[in-house]
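Chemist: No sequence on hand, only this structure:
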């Protein structure tokens, strides 16, 4: 019996979605998808790190259509040289100094903190509003489009906004188990929220090959946080990302991704509607003939009840065997201070459990977020938190009475583009 059963109402949700097409159509789509998954996973395993595109920041405006198509299909990219390496390395040194001056800074693991729940250190603020970082974010935002070509009121993909997140300074030799393969930007909401569900409507209608993970229309009003769980983003981030502050290579505690956003979206979204007719450890589990339509359980594999809400999707080799995650989760290539790594908001990603290197692996989390009405409203609330030194709205409340020495202040942000991105008024000379 499932130790974490989902509410029975999700059976009705599942049946409601199936009723929008036909069971036969879904079964046909599932069989077609599994054949394509088998082919793509073979290619990913063969290509290894080469399956993740790498480009230079200075070349962003001159990339070929083939390079852009590869980035969009893989859903991930390493952008080299976004920030000068010396400046990025200095930001890391400043973070270490901040932590030393504020030993009460919250983080984990307890007793040897390496992932810090801090948002307004000078290094983080300077990195987010750096002109090159903002340009890279805008470039990524503009990979999205409106299928109709008409756009929408209040949306400007050329205006990047800041989403304040945390940072890590990971030490060698310490095992992390906190970040297994998962997808952010909505858990059960991907099926439950009607607007977010529409982002995947082609998949759920049995036409997965028509799915466009860069179509904007329904993402603008999608609710990715129905249950108010802390650390669940309520905004629309086109890409999640981080800025490297140190050299970090594969096996040194870096990011891993499943480098095909169309395939993983299609598989994860359709998986709840099918169940195996053989045990999960049966050697024939990958055979499409050993799966049948599931219209009798509320199961959404990979969605896990958590407090008053849910976490996930967390695909696993057992529950999502066709993705072959033990072989296809691919470490990003070696990065250097000033490089940035981005992955599409739907990409399956994880963090390596082991750090076999000799030095710290340090990054500041900086996603790409465009100007939309929903995002702008959040940034304005976030700006209030910044001005008062409190945690951003999507994150847990700041500990009452806790203060920090040396936080960034408004006067640190002088450039108009940076102030706009932070939701601050533009100063007039």
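Modeler: Sure thing, it's come through. Every value quoted in this text rests on a predicted model; they were computed, and no experiment measured them.
Chemist: beta partners of residue 54?
Modeler: Beta-bridge pairing for residue 54 (DSSP bridges): residue 78.
Chemist: Could I get the contacting residues of it?
Modeler: Shown in contact with residue 54 (Cβ atoms under 8 Å, 6 or more residues apart in numbering): 77-78, 80, 333. (Glycine included, C-beta is placed from N, CA and C.)
Chemist: Looking at these, state which has the most neighbours.
Modeler: Comparing the contacts of residue 54 by number of neighbours (other Cβ atoms under 10 Å), residue 77 comes first, having 26 neighbours.
Chemist: What pLDDT does the model give that residue?
Modeler: Predicted confidence (pLDDT) for residue 77: 98.
Chemist: Quick one: low-confidence residue ranges for the stretch 1-150 of the chain.
Modeler: For the stretch 1-150 of the chain, residues meeting the criterion pLDDT under 70 lie at 1-4.
Chemist: Could you export the contacts of residue 54 as JSON lines, including distance to residue 342?
Modeler: Below are the contacts of residue 54 laid out as JSON lines (distance: Cβ to Cβ, whole Å):
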{"residue": "77", "distance to residue 342": "6"}
{"residue": "78", "distance to residue 342": "8"}
{"residue": "80", "distance to residue 342": "12"}
{"residue": "333", "distance to residue 342": "13"}
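Chemist: Of the residues you listed, which is the nearest to residue 300?
Modeler: residue 77 (29.7 Å; Cβ to Cβ).
Chemist: who touches that closest one in this structure?
Modeler: 52-55, 71, 341-342.
Chemist: could you dump these to a markdown table with distance to residue 287?
Modeler: Formatted as a markdown table, these follow (distance: Cβ to Cβ, whole Å):
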| residue | distance to residue 287 |
| --- | --- |
| 52 | 30 |
| 53 | 33 |
| 54 | 36 |
| 55 | 39 |
| 71 | 33 |
| 341 | 36 |
| 342 | 36 |
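Chemist: Name the nearest of these relative to residue 358.
Modeler: The closest of the contacts of residue 77 to residue 358 turns out to be residue 341 (Cβ to Cβ; 20.9 Å).
Chemist: Give me the residues contacting the helix or strand hosting residue 86.
Modeler: Assigned by DSSP states H and E, residue 86 falls within helix 85-101. Helix 85-101 is contacted by residues 105, 113, 116, 118, 121-124, 126-127, 167, 169, 243-246, 336-338, 360, 362, 364, 404-406 when judged by Cβ under 8 Å, 6+ apart.
Chemist: Recalculate using a threshold of 7 Å.
Modeler: Residues outside helix 85-101 that contact it (Cβ atoms under 7 Å, 6 or more residues apart in numbering) are 105, 116, 121-123, 126-127, 167, 169, 243-246, 336-338, 362, 405-406.
Chemist: Stretch 285-301 too?
Modeler: 6-8, 10-11, 14-15, 18, 23, 26-27, 30-31, 34, 188, 191, 271-278, 284, 319-322.
Chemist: and what of stretch 26-38?
Modeler: 18, 206, 208, 263, 266-267, 270, 273-274, 288, 291, 293, 322-323.
Chemist: What are the buried residues along it?
Modeler: 26-27, 29-30, 33-34, 36-37 (16 or more other Cβ atoms under 10 Å).
Chemist: and the gap between the spatially closest residue to residue 139 that is not a sequence neighbour and residue 84?
Modeler: Spatial nearest neighbour of residue 139, chain neighbours left out: residue 60 (5.0 Å); criterion: Cβ to Cβ, 6 or more residues apart in numbering. For residue 60, the distance to residue 84 equals 16 Å [Cβ to Cβ, to the nearest Å].
Chemist: Between these two, tell me which one has more neighbours.
Modeler: residue 60 (17 against 13).
Chemist: pull the longest helix from the chain.
Modeler: In the chain, assigned by DSSP state H, the helix with the most residues is helix 23-47.
Chemist: Run the chain-centre distance for that one.
Modeler: 23 Å (Cα atoms, centre = their mean, to the nearest Å).
Chemist: the strands in the stretch 51-200 of the chain, which residues?
Modeler: 54-56, 76-80, 107-108, 115-116, 156-161, 167-170 (DSSP state E, counting those that start in this stretch).
Chemist: chain center to the first one: distance?
Modeler: For strand 54-56, the gap between its own C-alpha mean and the chain's C-alpha mean amounts to 20 Å (Cα atoms, centre = their mean).
Chemist: which of the residues in stretch 316-329 are buried?
Modeler: So for stretch 316-329, counting by 16+ other Cβ under 10 Å, buried means 316-317, 319-325, 328-329.
Chemist: Likewise for stretch 212-231?
Modeler: Buried-residue list, stretch 212-231, by 16+ other Cβ under 10 Å: 213, 215-222, 224-226, 229.
Chemist: So what touches that stretch?
Modeler: 72, 143-147, 152, 155, 185-186, 189, 192-193, 195-196, 198-199, 232-234, 236, 261-262, 265, 306-310, 344, 346, 372, 374, 394-396.
Chemist: cool, and stretch 268-275?
Modeler: 14, 18, 26, 29-30, 33, 183, 190, 200, 203-204, 291-294, 299-301, 313, 315, 320.
Chemist: related to what we said a few turns ago, inside strands: which ones of the contacts of stretch 285-301?
Modeler: 274-276 (DSSP state E).
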